[in-house]
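Chemist: got a predicted model here, sequence first, then my questions.
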Amino acid sequence: MTPDIKPIVAGNWKMNGSCGSESMVRELVAGFDQQLQGKLDMAIFPPAILMALVASWTKGSAIAVGTQDCHANESGAHTGDTAAEMIASADGTMVLTGHSERRVDHNESDADVAAKSEAAWRAGLVSVICIGELEAQRRSGETLDVLGKQLAGSVPGGATSANTIVAYEPVWAIGTGLVPEASDVEEAHAFIRKTLVERFGDEGAKMRILYGGSVKPGNAGELMAINNVDGALVGGASLKSADFLGICEAYRTMA
Ligand code: 13P
C-alpha cells in the first residue's frame, strides 16, 4: 500500500474466456460491492475479441475493462492487430503493454512497449506497463538493473499518475505458484517508486505500482500490505469469480 493511492486489482485473462463468460463476469459485478469499491478499483483484461462483450456485461458497474495489447498505429495494414482507438470505441479504458508473454512470444522490445503505451494515451486509455526480471537475472543479482532498463525504455516521457500504471511481474513467478519473499517484493517496488519519482516527480510518487505473479486469495493480504504495492495484476486466479473476488477481499479490512 502507499498512503493516498487507491489500489487496483486487475485480472489478465490471457488467452482464456469465451462468449460464454457472462455469468462469471456478472458474479464479479455483483460481488464488487460499495464497500469494496470504496477501497479499490477493479479492471479486467479479456482477449481483444471478447472485450466489447465483457464491457457490455460490466456496463453501469465500477469495473473497468481493457485489452492485453494494442498496436502503435491508429489504423492501417497490420493484419491481426488492434488499435488503441478501437479499444476506446468498444468502451475499453485501459490496455496492458509489455507483458512478459508478449515480450517473449512476439519479440516486443522496450521501444515497442513505449510506442504502444503512447498509442494508448493517444486514444485516451490508461497504459498498464509491465516489467519484470527472468529467473536467471534474479539469480545473478541483476534484478534492479533489469527493472531500471525496462522502466527507462518502456515508460515514455509523458507518463502521469492518471495515464500510467506500472506492473512488476517477476517472470519466474508467473503461473508457477512461486512468489518472491516479501522483502524482495518490497525492494523491487521501492526501487520502481524511486525511479518513477526521479523521472516524474510528484506524478511518479502517485503512480500505481502493481505486483503480479501467482497472486491468490491466500497470499493477497500479505502481498498487498507491502509498501508501494498498490494492487495486483492477476492471471490464473482472475478466471474464477470466487478467486478474483477473494483477492479483492484482502482490501476490505485494510485501512
Ligand atoms: P498468474 O497470476 O497466473 O501467475 O499470472 C500473472 C500474470 O502474468 C498477470 O499478468
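Modeler: Perfect, thanks for sending it.

Chemist: how about I5, secondary structure?
Modeler: Following DSSP: H, G, I helix; E, B strand; the rest coil, I5 is assigned to coil.

Chemist: H78 sits in which helix or strand?
Modeler: Here H78, judged by DSSP states H and E, is contained in no helix and no strand.

Chemist: which bits of the stretch 51-200 of the chain sit near the ligand?
Modeler: Those residues of the stretch 51-200 of the chain that sit near the ligand, judged by CB under 6 Å from any ligand atom, are 99, 169, 174-175. Bear in mind the C-beta positions are built from the backbone N, C-alpha and C, glycine included.

Chemist: which of those residues lies closest to E187?
Modeler: E169 (15.3 Å; CB to CB).

Chemist: strands along the stretch 101-250 of the chain, start to end?
Modeler: Using DSSP state E, counting those that start in this stretch, the strands assigned to the stretch 101-250 of the chain run over residues 126-131, 164-168, 208-212, 231-234.

Chemist: select, out of those, the one closest to A77.
Modeler: Closest to A77 of the strands of the stretch 101-250 of the chain is strand 126-131 (CB to CB; 24.1 Å).

Chemist: now the angle from the closest one to strand 208-212?
Modeler: Angle of strand 126-131 versus strand 208-212, following axes from the mean of the first three to the mean of the last three CA atoms, to 10 degrees, is 50 degrees.

Chemist: now R193: closest residue in space, sequence neighbours ignored.
Modeler: Nearest residue to R193 in three dimensions, chain neighbours excluded: N228, at 4.8 Å (CB to CB, 6 or more residues apart in numbering).

Chemist: just G236 next, same as before
Modeler: In this structure, G236 finds its nearest non-sequential neighbour in G175, 6.2 Å apart by CB to CB, 6+ apart.

Chemist: what's the answer for M42, then?
Modeler: In this structure, M42 finds its nearest non-sequential neighbour in I63, 4.9 Å apart by CB to CB, 6+ apart.

Chemist: run the chain-centre distance for the longest helix anywhere in the chain.
Modeler: Counting by DSSP state H, the longest helix found in the chain is helix 182-200. Offset of helix 182-200 from its chain centre (CA atoms, centre = their mean, to the nearest Å): 16 Å.

Chemist: on that earlier part again, export the strands of the stretch 101-250 of the chain to CSV and tack on mean pLDDT and mean neighbour count?
Modeler: Output for the strands of the stretch 101-250 of the chain, formatted as CSV (pLDDT from 0 to 100; neighbours: other CB atoms under 10 Å):
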stretch, mean pLDDT, mean neighbour count
strand 126-131, 98, 27
strand 164-168, 98, 26
strand 208-212, 98, 24
strand 231-234, 98, 28
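
Chemist: I figured V126 was touching S161, is that so?
Modeler: No. Taking contacts as CB atoms under 8 Å, V126 lies outside contact range of S161: 10.1 Å.
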